[in-house]
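Enquirer: got a structure for you, letters missing:
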């Protein structure tokens, strides 16, 4: 499955056209290539929990989106097998976060990705690890 099916740019276009959730979160793609994706988004009031800190699900969702973009970048439909997140620092309304997914292992079928979410001071606010399964189905 090493052959290029379609370009990473085409994969991104297809995914963004269909991904209403990432659009709803306000995620913007900053950088994208095979096995890598960097996003950013600004935290709004609607993302806060009952203690006026970002809801953990919002951080998880943003990391999951970056993970999905990175692992699907080769042009084969890739699905999550496992994902976990560690929250390290609170986030407040108005902060601009960067979400960076990096491939750390890619086999024939399995890929492992680290996703770091940082604030404007480059402080780690969450660390996500995802394991993906690459199918033989081509992204189209």
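Expert: Looks like it arrived, so ask away. All of these numbers come straight from a predicted model, not from anything done at the bench.

Enquirer: can we go C-alpha only for contacts and neighbour counts from here?
Expert: Fine.

Enquirer: tell me the strands beside the longest strand anywhere in the chain, with direction?
Expert: Ranked by residue count and defined by DSSP state E, the top strand of the chain is strand 124-138. Strand pairing for strand 124-138, using DSSP bridges, gives strand 76-87 (antiparallel), strand 110-118 (antiparallel).

Enquirer: can you put these in TSV and add mean neighbour count, mean pLDDT and distance to residue 103?
Expert: TSV is the format used below for the strands paired with strand 124-138 (neighbours: other Cα atoms under 10 Å; pLDDT from 0 to 100; distance: least, Cα to Cα, whole Å):
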stretch	mean neighbour count	mean pLDDT	distance to residue 103
strand 76-87	16	97	13
strand 110-118	22	98	4
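
Enquirer: of those strands, which is nearest residue 37?
Expert: Closest of these to residue 37 is strand 110-118, at 9.1 Å (criterion: Cα to Cα).

Enquirer: which residues touch that closest one?
Expert: 59, 63, 66-67, 71, 97-106, 124-134 (Cα atoms under 8 Å, 6 or more residues apart in numbering).
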